[in-house]
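*Asks:* how does the following fold in three dimensions:
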Amino acid sequence: MHAAERTSRFNALIWIRRTSGRICLTILLVLTALTGNAFPAKIRIMPIGDSITVGKNSGVGPDEEPYWVSYRKALRDKLVSAGYEIEYVGNEFSGNAVFADAQHEGHGGWHADGVEDKSIRPEIKGFLMDNKTDIVLLHIGTNDISGQLPSDVGNEIESILDEVDSYENAAGREVWVVLALIINRAKAIGCTLHSETAEFNGYLDQMANTRQNNGDRIVVVDMATQNGAGLDYEIQPDGDMFDCVHPYKTGYVKMAGEWFRGLQSILPTANAGSDKSANPGASVRLDGSSSSDSLGIITTYAWTQTAGSPSVELDDPAAKVTRFTAPSISEGTILTFKLTITDNQDFSHSDQVKVTVNGPPLAVAGEDQVVNTDASVTLDATASTDPGGAIDSYRWVQTAGSPAVALAGANSVKASFTAPEVASGGVDLFFRLTVTDDKGATAEDTVSVHVNGPPVADAGPDQETNSGATVRLDGTGSFDADGAISKHSWVQTSGPAVVLSDSAAAQPSFTAPAASDSSLILAFELAVADNLERLSTDSVTVTVFPPGKTPDSGGGGGGGGGGGCFITAAGN
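*Replies:* Numbers count the residues shown, from 1 in each chain. Alright, predicted model coming up:
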């Protein structure tokens, strides 16, 4: 604790007080950085004191020492929960039936000094030699002030600190002392409140200040007042005292809180930063630059992923600040990272940070559609979802196909447009939907709309025939480039009326009517419909000649000697 002779150490006096619920830390002297002896990875803490350190009547089981946990169990729980790796050291084991790490040097009835076989001062150097201690928690004086002047007891405490200095010089090992301003006695009937306690604690204040020039490594914690540990000095069940001298369970827990605040000022504090969220593919920054070590120097940083899947690759796990790329995932996941810092005393501390990788939303642009010209087309994204949050925005864009259409509601869950006029074969229009969730992650989907082109009606070539001949109309040349012909419909549009064998057939027939002196011209219209009921028409004529006349005869029977070419309708 004191080594003005050596320069391989970090000399300071720390003074801690809480005012209005706040802890105040003042570094009174800092001389040189510790570069000497390494400490073990686990921080070795020795609680030293009297029966309060033993923990009389503090356990959760029978009123026996194996169940007396004092403040030690609650303090250990706080330290471990805060990420510190510690172990208690000492030759006593009170509380070992409740928790494993129960070692200490608490001794019931002991004094600071001056009582044969019951004094801390002549024993403390041996305690330290036996256990290679890093930090001493010292709460002593309760048994002394009943019959001694507070100043005399204070001098005895100072002699204990001198013994710690002597151990440091002999062992070449630095030791911190967390020195307690001791609790008072209970105020209930039958108990006498010691005014000497406040006087004694005031002396400790002064003594600690005067030792600063000696470079003592001391943290002072306040177990006495409401601004410190805050014990209620009534006997339980109304207060925090078990009897006139010893705290009850609740009082020991309050003491643990004050010890913890003192230790935090000594120990390095890793700060892995605040929990955060990221979208897949984002560069995520893990920042340990807020880590601190009030009285030492952080020498190493170590980042590791401790939970979450998949595992990611950190660009530099040994850096104060490192990065990784958020993985591509179908659903959200939480990745946990631990930062461990180690200082030049080989004290270490860990903290963790959680990174929630946002699962992307699911964009659903709907089924592909086939529509006719002039149809009102709706693009519908209502099936889009975001399992880990909510969809914040929608955006529709035409990405291919001509002509371009005017989208109404392009930034809405539903967009619409009017199908354009297209030629035979139709066109395919393509649209991309982009959805963005409430965390900024995006997803895309596409949908196509085929605008149906009209079919091509083909009523066949014009025909010539004679009266009485059977004429077959032929619509089999009709086709639909982007579908299929689903319907034929023949209608006679001029000439003497004839009866078609089947006006809905592709090749209906009829008997050519009688023509007297001149030919007759019959006209027919074919209407075809495709599988989407889109229509197209074509016309054909049939010329009927009188008997004995042919298309080449010019009106004479046989054409003035015959020999002309006569074309009849198919099927004759």
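
*Asks:* CA only for contacts and neighbour counts going forward, please
*Replies:* Fine.

*Asks:* quick one, domains of the protein?
*Replies:* For the chain, automatic domain parsing gives the domain ranges 13-266, 276-357, 369-452, 463-559.

*Asks:* right, and the ones you listed - which one's nearest A363?
*Replies:* In terms of CA to CA, the element of the domains of the chain nearest to A363 is domain 369-452, at 4.7 Å.

*Asks:* endpoint to endpoint, the closest one covers what distance?
*Replies:* 10 Å (CA to CA, to the nearest Å).

*Asks:* how far does it sit from the chain's center?
*Replies:* Averaging C-alpha positions (CA atoms, centre = their mean, to the nearest Å) puts domain 369-452 31 Å from its chain's average.

*Asks:* ok, now stretch 482-500?
*Replies:* 69 Å.

*Asks:* stretch 151-164 now?
*Replies:* With CA atoms, centre = their mean as the basis, stretch 151-164 stands 53 Å off its chain's centre.

*Asks:* what's the burial count for D445?
*Replies:* Counted by other CA atoms under 10 Å, the residues lying close to D445 total 17.

*Asks:* show me the contacts for it.
*Replies:* 363-365, 432-434 (CA atoms under 8 Å, 6 or more residues apart in numbering).

*Asks:* same check, this time on S486
*Replies:* Neighbour list for S486: 528-531, 533 [criterion: CA under 8 Å, 6+ apart].

*Asks:* from those residues, which single one is nearest G215?
*Replies:* G215 lies nearest to N531 out of the contacts of S486, by CA to CA, at 97.7 Å.

*Asks:* who's the residue most central in space within the chain bridged to?
*Replies:* Nearest to the mean C-alpha position of the chain, by CA atoms, centre = their mean, lies T356 at 0.7 Å. Residues in a beta bridge with T356, per DSSP bridges, are S277, I334.

*Asks:* my read: it touches S277, true?
*Replies:* Yes: between T356 and S277 there is a contact at 4.4 Å, judged by CA atoms under 8 Å.

*Asks:* show me what contacts the residue nearest to S519 when sequence neighbours are not counted?
*Replies:* Excluding the flanking residues, the one nearest S519 by CA to CA, 6 or more residues apart in numbering is F545, at 4.3 Å. Counting by CA under 8 Å, 6+ apart, F545 touches 464-467, 515, 518-520, 551.

*Asks:* any low-confidence regions in the stretch 201-350 of the chain?
*Replies:* Where the stretch 201-350 of the chain drops to pLDDT under 70, the residues are 295.

*Asks:* tell me where it has strands.
*Replies:* Counting by DSSP state E, counting those that start in this stretch, the stretch 201-350 of the chain has strands at residues 218-222, 276-278, 283-287, 298-307, 321-325, 333-343, 348-357.

*Asks:* work out the gap between the shortest one and the centre of the chain.
*Replies:* The offset between the C-alpha centroid of strand 276-278 and the centroid of the whole chain comes to 5 Å, using CA atoms, centre = their mean.

*Asks:* tell me which residues of that strand are tucked away?
*Replies:* For strand 276-278, the neighbour count (16 or more other CA atoms under 10 Å) marks 277-278 as buried.

*Asks:* so how many other residues sit close to the closest residue to V449 other than its chain neighbours?
*Replies:* Distance criterion CA to CA, 6+ apart; nearest residue to V449, sequence neighbours excluded, is Q369 at 4.7 Å. Other residues near Q369 come to 15 when the count uses other CA under 10 Å.

*Asks:* for Q369, list the residues it contacts.
*Replies:* Neighbouring residues of Q369 by CA under 8 Å, 6+ apart: 448-450.

*Asks:* among these, name the ones in helices.
*Replies:* Secondary structure defined by DSSP state H assigns none of those to helices.

*Asks:* mind listing which of those are in strands?
*Replies:* Among these, the members found in strands (DSSP state E) are 448-450.
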